[in-house]
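[1] Just to be clear, the model below is a prediction. Sequence and coordinates:
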Amino acid sequence: MNKLLLIFIQIVALFLFWYLLSGKNFILLISVGLICSVLIVFYQNKLKMVDDESMPISILPKAVLYWVWLYKEVIQSSLYVSKLILSKEMDITPQYSKIKSNQKTTMGFNIYANSITMTPGTISVIINNTSKEIDIHALTKDTKASLENGTMDNRIKKLMGDTDV
Amino acid sequence: MIVLQTYISYGLVILGSIFLLIGAIGLVRMPDVFTRMHATSVMETTGASLIIFGLIIYSGLNAVSLKLVLVLLAILYLSSVATHALARACIHDNIKPIKVSGRAKK
């Protein structure tokens, strides 16, 4: 993707964000928003704040499908953890172990670690980007097993496709 | 139609509040810091999102519901980062996760 198009997309995205949050149609507010977004993008490029870990837009449609799947998983494990909390015995078996992910990209690995933390019952504690290993803490053996069967890992790998960020 | 919309939103908000309550109960009942984090992640994902879905349905499609979607995205992203940072800080502070097997000790 060439650089000018990227700058244009950044300006449009920032301005849309401003416009949606303000929601008013005064000339003054709109022009201030436009000037601000142009200035922000200008200085941001000058300072090189945006590195190559930013969001690739090409995976966005697939990402929405992934979010729906992830939300379903979150609800399921929420119900599981809630049942555990409300049960009288509270039969927990905390696990602390290392799992290996087969993500190729930094961003896929990042999405994986965040998804693990977001799902109730598992937390990613220490992540290692060079060896692609995550130390996880799991509430029970079942939640750990649900990570080890690699469904989430494979889904993210499919989501990332051949993007190399 | 409007009545149905209102009742659905009430239902979702109440359901979300129940999840918040369950998370709070779990926060008290769980034995150590890591297991308590699991209880709070029920609150911040399912509880918060159900309440916000209820509010979105209540307000209909307008600027307010769009802002609510942004709030939901911020909560989901930031809470997982915060949980990760907290867990990492605990490990750095040499807090060992407990290993109970079978029933939890009081």
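    Now that the structure is in, tell me what you want to look at.
[2] how does chain A divide into domains?
    Annotated domains of chain A cover A:3-47, A:57-160 [automatic domain parsing].
[3] Could you export those domains as TSV, including distance to chain B?
    Using the backbone N, CA and C atoms, a C-beta is placed for each residue, glycine as well. Compiled in TSV, the domains of chain A are given as follows (distance: least, C-beta to the nearest C-beta, whole Å):
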stretch	distance to chain B
domain A:3-47	4
domain A:57-160	4
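[4] Ranking the ones you listed by mean neighbour count, which comes first?
    Ranked by mean neighbour count, the domains of chain A are led by domain A:57-160 with a mean of 18 (mean count of other C-beta atoms under 10 Å in any protein chain shown).
[5] roughly how far is stretch A:71-85 from the heart of the chain?
    Taking the mean of its C-alpha atoms, stretch A:71-85 sits 20 Å from the chain's own mean (C-alpha atoms, centre = their mean, to the nearest Å).
[6] mind saving the C-alpha coords of it as CSV?
    In CSV, the C-alpha atoms belonging to stretch A:71-85 read as follows (Å, rounded to 0.1, in the frame of the first residue of the first chain):
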residue,chain,number,x,y,z
TYR,A,71,-18.0,-13.7,22.0
LYS,A,72,-19.8,-17.0,21.9
GLU,A,73,-16.7,-18.6,23.6
VAL,A,74,-16.7,-15.9,26.2
ILE,A,75,-20.3,-16.4,27.0
GLN,A,76,-19.9,-20.2,27.2
SER,A,77,-16.9,-20.0,29.6
SER,A,78,-18.6,-17.2,31.6
LEU,A,79,-21.5,-19.6,32.2
TYR,A,80,-19.0,-22.3,33.2
VAL,A,81,-17.1,-20.1,35.6
SER,A,82,-20.4,-18.7,37.1
LYS,A,83,-21.6,-22.2,37.7
LEU,A,84,-18.3,-22.9,39.4
ILE,A,85,-18.6,-19.8,41.6
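[7] any low-confidence regions in chain B?
    Residues of chain B that meet the criterion pLDDT under 70 lie in B:101-106.
[8] wait, I meant chain A
    A:1, A:51-56, A:163-165.
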